[in-house]
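Colleague: After the sequence you'll find the predicted model.
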Protein chains: 2
Amino acid sequence: MAAHEVLAVVLQIRDDRLSVLLWRRARPPFEGRWVLPGGRLGDLEGLGESVRRQLAQKVDVRDLTHLEQLETRGEPDRHPYGRMLATAYLGLVPAGIDPVIPCDTSWHPASDLPPMGFDHAAMVHSGRRRLRAKLSYTNVGFALAPPEFTMSQLSRYYRAALGHDVAATNLRRVLLRRGQIEETGRSVPSGRSGGRPAAVFRFRTRRLEITDAFAVLRPPPED
Amino acid sequence: MAAHEVLAVVLQIRDDRLSVLLWRRARPPFEGRWVLPGGRLGDLEGLGESVRRQLAQKVDVRDLTHLEQLETRGEPDRHPYGRMLATAYLGLVPAGIDPVIPCDTSWHPASDLPPMGFDHAAMVHSGRRRLRAKLSYTNVGFALAPPEFTMSQLSRYYRAALGHDVAATNLRRVLLRRGQIEETGRSVPSGRSGGRPAAVFRFRTRRLEITDAFAVLRPPPED
């Protein structure tokens, strides 16, 4: 028999940095260290239900655009007080909103984590890796971006999530070719003085899809 | 507190069908039904360690070319005798070998499952879906194929795993372009009378890689 907890790696692009929502423990073990939101699985709830309930204590879960199961860790020594398994979820909040969070909770750059408790830093790392991978073969960018954006903004979000430079012109070409984004028909003044107005785009769907171009492996279109 | 079990969805292409390794329960609950190999997590073992130990009772784990965590299910009513969480792994065995298995265990077509116990049929479905997705954006085909193969053989494996037709010429073009496979320089007689000899290929690496062509999102090559 083992206790089971659910945890959430909630990521958001804030000030052009991929950030993760952490709270500061007020009691041992790991008192004063930063940890992921979450807690014990209740007797009568499922895992997904539990993570939504526990997240709701830290952030309005309606602000999440995506939530998926990330991994379960069960190393016998991962909790100093006894056997405790943990199922981590990956949650995404779109850029540009500032969710209300309690005073023991704050956002931290995912690439520059504060001292963390348990194996939670490894879970943040898993979450970043999952997000990076999914950005390359799915349309999960919809969950990081606000509903509408310019390519210059979107390339900054991708750069923050991927950790390397992404040219706006290349990104535009690839995402249009894959049918991930479309023009809204509107434009906004360019940030640069004298620049042309910048076209405003949106994701075509806000439902997760594999958009890989490996068309030969796709099922034939249904009649 | 809840009990925790680990289970394995072990898939292999057998006679051109995607097949799953199941065993027949000899006692209640679900006596006589088919279930996934696995069992209780031991007090002193991690999840990955546990699934390897339990799988070893059904199949030689050295026959596995790939093993990854698939999902954890924790619906409160998933086990009729009390709370039981389950972490399922996806394991792959290459085509062309016939592992020794015990007499209560056998291979079943993944698309035509026998009556199954618990939520194990849903886990088989998750495993098929994960495999299908990974075939489109990774080189996981290496884990389904024997070390060397003709494109005609490989396209049959892909067809079996994906559930729809895959033309050998298209598959060859895409996998070569993505750098997944290479020619061995050898050829074998074509199966068809009068046909040209068929070139023999192999996967370039047997380590899982994302081979998606979304090059704009790749980090720049390191010096």
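Modeller: On my side now, so go ahead.

Colleague: Who are the packing partners of whichever strand or helix holds residue A:87?
Modeller: Following DSSP states H and E, the helix or strand that holds residue A:87 is strand A:84-93. Counting contacts by 3 or more C-beta pairs under 8 Å, 6 or more residues apart in numbering or on different chains; DSSP states H and E, strand A:84-93 packs against strand A:3-14, helix A:47-55, strand A:66-73, helix A:120-137. Using the backbone N, CA and C atoms, a C-beta is placed for each residue, glycine as well.

Colleague: what's the closest non-adjacent residue to residue A:204?
Modeller: With C-beta to C-beta, 6 or more residues apart in numbering or on different chains as the criterion, residue A:204 has its nearest non-adjacent residue at 5.2 Å, and that residue is residue A:182.

Colleague: make that residue A:82, sorry
Modeller: residue A:3 (7.1 Å).

Colleague: how near is that neighbour to residue A:211?
Modeller: For residue A:3, the distance to residue A:211 (C-beta to C-beta, to the nearest Å) stands at 39 Å.

Colleague: of the two, who's got more company?
Modeller: Comparing residue A:3 with residue A:211 by neighbour count (other C-beta atoms under 10 Å in any protein chain shown), the higher total belongs to residue A:211, at 22 against 16.

Colleague: Quick one: residues contacting that one.
Modeller: By C-beta atoms under 8 Å, 6 or more residues apart in numbering or on different chains, the contact list for residue A:211 reads A:137, A:138, A:139, A:178, A:179, A:180.

Colleague: now, which of these sits nearest residue B:133?
Modeller: Nearest to residue B:133 among the contacts of residue A:211 is residue A:137, at 8.3 Å by C-beta to C-beta.

Colleague: which element follows the lowest-mean-pLDDT helix or strand in chain A toward the C-terminus?
Modeller: Between all helices and strands in chain A, the lowest mean by mean pLDDT, DSSP states H and E belongs to helix A:168-177, at a mean of 91. Downstream of helix A:168-177, the first helix or strand assigned by DSSP H and E is strand A:181-188.

Colleague: still on that earlier bit, for the least confident helix or strand of chain A, C-alpha coordinates in CSV please.
Modeller: The C-alpha coordinates for helix A:168-177 follow below in CSV (Å, rounded to 0.1, in the frame of the first residue of the first chain):
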residue,chain,number,x,y,z
ALA,A,168,9.2,34.6,-37.4
THR,A,169,9.2,34.2,-41.2
ASN,A,170,10.1,30.5,-41.0
LEU,A,171,7.6,29.9,-38.2
ARG,A,172,4.9,31.6,-40.3
ARG,A,173,5.7,29.5,-43.4
VAL,A,174,5.7,26.2,-41.5
LEU,A,175,2.6,26.8,-39.4
LEU,A,176,0.6,28.0,-42.4
ARG,A,177,1.7,25.0,-44.5
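
Colleague: one step back: so the strand holding residue A:87 versus strand B:66-73, what angle?
Modeller: Strand A:84-93 and strand B:66-73 are oriented at 90 degrees to each other (axes from the mean of the first three to the mean of the last three C-alpha atoms, to 10 degrees).

Colleague: Now do whichever helix or strand comes after strand A:84-93: which elements does it pack against?
Modeller: Moving toward the C-terminus from strand A:84-93, the next helix or strand (DSSP H and E) is strand A:105-109. Applying 3+ C-beta pairs under 8 Å, 6+ apart, we find strand A:105-109 packed against strand A:17-24.

Colleague: and the strand it packs on, which strands flank it?
Modeller: strand A:3-14 (antiparallel), strand A:34-35 (antiparallel), strand A:105-109 (antiparallel) (DSSP bridges).

Colleague: tell me the most buried of the ones you listed?
Modeller: Across the strands paired with strand A:17-24, the average number of neighbours (mean count of other C-beta atoms under 10 Å in any protein chain shown) peaks for strand A:3-14, which reaches a mean of 24.

Colleague: re the thing from before, got the helices and strands packed on strand A:84-93 as a markdown table, with distance to residue A:29 and mean pLDDT columns?
Modeller: Below are the helices and strands packed on strand A:84-93 laid out as a markdown table (distance: least, C-beta to C-beta, whole Å; pLDDT from 0 to 100):
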| stretch | distance to residue A:29 | mean pLDDT |
| --- | --- | --- |
| strand A:3-14 | 13 | 97 |
| helix A:47-55 | 19 | 96 |
| strand A:66-73 | 16 | 97 |
| helix A:120-137 | 12 | 93 |
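
Colleague: Deepest in the core, which of these is it.
Modeller: Most buried among the helices and strands packed on strand A:84-93, counting by mean count of other C-beta under 10 Å: strand A:3-14, with a mean of 24.

Colleague: How far does it sit from its chain's centre?
Modeller: 9 Å (C-alpha atoms, centre = their mean, to the nearest Å).

Colleague: Report the angle between that strand and helix A:47-55.
Modeller: Using the same axes, to 10 degrees, strand A:3-14 lies at 60 degrees relative to helix A:47-55.

Colleague: And the contacts of residue A:211, which of them are buried?
Modeller: Neighbour counting with 16 or more other C-beta atoms under 10 Å in any protein chain shown marks A:137, A:138, A:139, A:178, A:180 as buried within the contacts of residue A:211.

Colleague: Can you tell me which of these comes closest to chain B?
Modeller: residue A:137 (4.0 Å; C-beta to the nearest C-beta).

Colleague: Which residues are in contact with the residue nearest to the spatial centre of chain A?
Modeller: What sits nearest the mean C-alpha location of chain A, by C-alpha atoms, centre = their mean, is residue A:92, with 3.2 Å. Listed by C-beta under 8 Å, 6+ apart, the contact set of residue A:92 reads A:10, A:11, A:12, A:64, A:65, A:66, A:67, A:131, A:140, A:143, A:144.

Colleague: Help me confirm that the second one comes into contact with residue A:17.
Modeller: No - assessed by C-beta atoms under 8 Å, residue A:11 is found out of contact with residue A:17, at 10.5 Å.
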